[in-house]
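Visitor: Structure for the following, please:
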Amino acid sequence: MKKKYAKKILCHGLALAMVCSLFGAAPVGAGATEVRAADAAAFSPTTEIRDKMVQSSLYSTGNNARIKKVIERARAGETVSLAYIGGSITEGALASPNSNCYAETSATAFGKKYGTDGGSNVHFINAGMSGTPSDIGVIRYERDVIGRLPEGQDYPDILFIEFAVNDFNRATGGGAYEGLIRRALKSGSAVVLIFSVFHNKNIVCEPEYRPYGAHYDLPMVSMGDAINDYYQQAGFEAWYYGGDGMHPNNDGHKLMADCVMNLFDKLDAEDPEEDNITDVDSMATYYKNTGNYDDIRMIDQMYKEGSDQAVLSVEAGGFNQKDGATGNFQYVYNGKSNAAWFPDNWMHSSGSGNDSFKVSLYCRTIMLLYKISGSTQFGKADVYIDGKKKTTLNCYESGGWNCGKVSLVLTEQTAAVHTLELKMAEGNESKKFTVLAVGYKAGEGVPPAVTPSPSPSPSPSVTPSASPVPAVTPSPTGQQGSVTNSPKPPASPQPTVAAETTVKKPGKPAIKKLKNQKKNKVVLTLSKKVSGAAGYQVAYAKKASMKGQKKKSFKGLRVTVKGLKKKKTYYFRVRAYVKKDGKKVYGNWSQKKRIKVKK
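Guide: Model prediction:
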C-alpha cells in the first residue's frame, strides 16, 4: 500500500518562529507548563477516532524487503537492533519517565510482538539529541548509533530518522539528512522516515523531505497526517502536547509509537518484494551534494593518533581545555545517567594564549561543530582553510543554552589534504570558545605526501618527503589533546618507483545478493563488473569485525563458498583487483552483507 499525499501542508510560514523557539531555549524538562485536566478532558478520542489517526499516519510503506527480513529474523530469535536518531522528540523530552518516549515504546512493542522471550532479542538504541538538526546527527552517527550496537553487529537493522522539525535553515541544506539515509542503506539497514509535528499542524521541513523518501522508496510515517482532522478541536493540544506546543506528552508519544507499529503490521502483511537498493554508490542522489555527507566521521579530544590515516595531525594549541557544560542526554547513555553530549571537546579559555587549533585531514568535507552559549565569557574565532580565512564564528548568542551549531567550512567533489585552523579573533583573545567536534568525509586510500598549509602568519616553507605516507611523531609541546604528524626526510635522495605509485586501484564492488544452497554452501552474486578488474577476492567470517576471516579469489560475477556451518550467521565482503607486473593490486572492500546458513 502506498499513500499519495493530497492535503494542503504548511511549511516555512510558521516554521521559523517554531524552530527559533526550539534552538533559542534549553530543551523542555520537568518544569514545563502543566496541562490543565479540564483542557485535556475536552478532547478524549474514541477507539474509532484513535484508529483513524493511526491509519492516516501511514504516508508510504515503501519497499518492504529489508523490514520484512528483520521481522523474520526477530521471530527466529536472532538479535536485531532498532535505532532512532533525531532531536528532542526522539530524545524523549516531556515523556515521563523517559522510557515512555515514542522510540522506546515502539521498540518495546516490536520486541513483544515479533521477538522471542518477550523481546529479549531486540536491541534498542535511542540516539536523540535535543535542539539538533541532521547536520549534527550525521557527525555523531558513528559514535551514537554504530558505537552502541550489540556485539557482532556493525549497522542497525532498522534506522528511524526524525529531524524534519529541526532542520529549518540547516547548514548543509538537506545534504546531511540524505547522507544519513545513504549511509544506512549502504550498510544494509532498513530506513524509516518519521515526520513529527508542532501545534497548529506546523510540519516544518516534511514537504522537503518526502521526496527524499520517495527517491529511495522508503517507509514514511507522518504525524501531521495523523492529526490533520483533529488538531483544531478544543483540547487536542492539551491532550497531545506537554504544554509547549512542540513536544508530545505521554499520550502524544504513545500515539507516535502506535503509528510506528501500524507501519510494521502493514509491512508484515504485505507480499515480500525484492530489495530495490543494491548499490547505493551507483544510485543518483536526490540532493546534488549528498555524496559529501554519506560517511562523515567525527574526531574530538578522544582521538588516538594513527587510528585514522585520513587524520594527518591534530594540534590543540590554545584550545587545550575541556568544557564541562555541553548539554546532557535525557536517557541513560551507555549505562550513565545525565551523560554529557560532547564531553571530549576542545575549549579555549581566558588564559590559554592565542595559539591556533589545527587539524590536517585528507578529506573532501569538513564540518566544524561548536558550542552556542548565552554567556558573554564566550567570543569569536576566525576559521581558516589551507591558510585562507573562511569565516568568523561566534560562540556567544543571546538565549544560547550550550547547544551545538555546525559550520560547513569545506565541501569539495574530490579529496585532498586540507588544514582547518581556528584562531581567536582580534579582541577576543581572553574569551572562551568551544569546539565540540570536527566532522569530515575522508578520502579513499592513502593520503598523498604534501606539506600542510601555512598559518595565517608567515612561516618558513617545508619540503615534503618523497615517502608517500607521513611519519608520525609526538608533539613536543606536551599540550593536552595535541599530536602532530611530520614528514620524515630520507637519508639520501630516493628514486621514484613508478610501478608503486602509478597503478590505479580498481573500484569498489557491490554485493547484489547472498543465497543459501544445499550442503552448507552460499552463493554470492555481485551487482555488476568492476571496470578494469582482473578478478575479485571474497572474505567471509562469523564476526562482523571480520576477525578470523577466510579469503577466496574468483572471476566473474558469482562465487560459491563451501564448508560453512549450518545455523551460523556469516558476514561477506568483496574487493576487486588488477594485476601489475604479476602482482595483484587490490581495491577497497565492499560493504558487508550477512546471511544465516540454513541448508
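
Visitor: buried set for stretch 300-307?
Guide: 300, 301, 303, 305 (16 or more other CB atoms under 10 Å). From N, CA and C alone the C-beta is placed, and that goes for glycine too.

Visitor: Among the residues you listed, find me the one that's closest to residue 55.
Guide: residue 300 (44.3 Å; CB to CB).

Visitor: so where do the strands sit in the stretch 51-200 of the chain?
Guide: For the stretch 51-200 of the chain, applying DSSP state E, counting those that start in this stretch gives strands covering 58-60, 80-86, 122-128, 158-162, 190-195.

Visitor: And for the residue lying closest to residue 379 once chain neighbours are set aside, the neighbour number?
Guide: Leaving aside its chain neighbours, residue 379 sits nearest to residue 431 (2.8 Å; criterion: CB to CB, 6 or more residues apart in numbering). Neighbours of residue 431 under the rule other CB atoms under 10 Å: 21.

Visitor: what sits against residue 431?
Guide: Shown in contact with residue 431 (CB atoms under 8 Å, 6 or more residues apart in numbering): 348, 350, 377, 378, 379, 380, 395, 424.

Visitor: Next: residue 321.
Guide: Residue 321 neighbours (CB under 8 Å, 6+ apart): 346, 347, 348, 349, 352, 480.

Visitor: what's next to stretch 247-258, contact-wise?
Guide: 28, 32, 35, 50, 53-54, 88-89, 92-96, 100-102, 105-106, 109, 194, 196, 223, 226, 239-243.

Visitor: Now, of the residues you listed, which are buried?
Guide: Neighbour-count burial (16+ other CB under 10 Å) applied to the contacts of stretch 247-258 gives 28, 32, 35, 50, 53-54, 88-89, 92-95, 100-102, 105-106, 109, 194, 196, 223, 226, 239-243.

Visitor: Would you format the strands of the stretch 51-200 of the chain as JSON lines with distance to residue 403 and mean pLDDT included?
Guide: Supplementary listing: these in JSON lines, determined by distance: least, CB to CB, whole Å; pLDDT from 0 to 100:
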{"stretch": "strand 58-60", "distance to residue 403": "30", "mean pLDDT": "97"}
{"stretch": "strand 80-86", "distance to residue 403": "15", "mean pLDDT": "98"}
{"stretch": "strand 122-128", "distance to residue 403": "14", "mean pLDDT": "98"}
{"stretch": "strand 158-162", "distance to residue 403": "17", "mean pLDDT": "98"}
{"stretch": "strand 190-195", "distance to residue 403": "21", "mean pLDDT": "98"}
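
Visitor: These: which one's closest to residue 338?
Guide: Between the strands of the stretch 51-200 of the chain, strand 122-128 lies closest to residue 338; by CB to CB that is 14.4 Å.

Visitor: ok so, going back, just the contacts of residue 431: which are in helices?
Guide: Members of the contacts of residue 431 lying in helices (criterion: DSSP state H): none.

Visitor: Got a PyMOL select line for the buried ones in these?
Guide: To isolate the buried members of the contacts of residue 431 in PyMOL, using 16+ other CB under 10 Å:
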select buried, resi 348+378+379+380+395+424
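
Visitor: Pick out the most distant pair among the contacts of residue 431.
Guide: So, the contacts of residue 431 by CB to CB: farthest apart are 350 and 380, at 14.1 Å.

Visitor: Least confident of the contacts of residue 431?
Guide: When the contacts of residue 431 are compared by pLDDT, residue 350 scores lowest at 88.

Visitor: need the contact list for it.
Guide: For residue 350, the contact set (CB under 8 Å, 6+ apart) comprises 377, 430, 431, 432.

Visitor: what number of residues lie near the second one?
Guide: Taking other CB under 10 Å as the criterion, the count of residues near residue 430 is 14.

Visitor: can you pull the buried residues of stretch 381-400?
Guide: Across stretch 381-400, burial judged by 16+ other CB under 10 Å covers 381, 382, 383, 384, 385, 386, 390, 393, 394, 395, 396, 400.

Visitor: Looking at the protein, which helix is longest?
Guide: Per DSSP H, the chain has its longest helix at helix 250-269.

Visitor: hang on, the earlier thing: distance to residue 358 added to the strands of the stretch 51-200 of the chain, as CSV?
Guide: Formatted as CSV, the strands of the stretch 51-200 of the chain follow (distance: least, CB to CB, whole Å):
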stretch, distance to residue 358
strand 58-60, 46
strand 80-86, 30
strand 122-128, 30
strand 158-162, 33
strand 190-195, 36
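
Visitor: Can you show me the CA trace of stretch 412-424 as CSV?
Guide: Output of stretch 412-424 as CSV, limited to C-alpha atoms (Å, rounded to 0.1, in the frame of the first residue of the first chain):
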residue,chain,number,x,y,z
GLU,A,412,34.6,19.5,-2.4
GLN,A,413,33.9,16.9,-5.0
THR,A,414,37.4,15.3,-4.7
ALA,A,415,39.5,14.6,-1.7
ALA,A,416,42.8,16.4,-0.9
VAL,A,417,44.8,17.3,2.1
HIS,A,418,43.3,20.3,3.9
THR,A,419,44.2,22.1,7.1
LEU,A,420,41.4,23.5,9.3
GLU,A,421,42.6,26.2,11.7
LEU,A,422,40.9,28.2,14.4
LYS,A,423,42.4,31.3,15.9
MET,A,424,40.7,33.6,18.4
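
Visitor: circling back: any of the contacts of residue 321 buried? List them.
Guide: Neighbour-count burial (16+ other CB under 10 Å) is assigned, among the contacts of residue 321, to 346, 347, 348, 349, 352.
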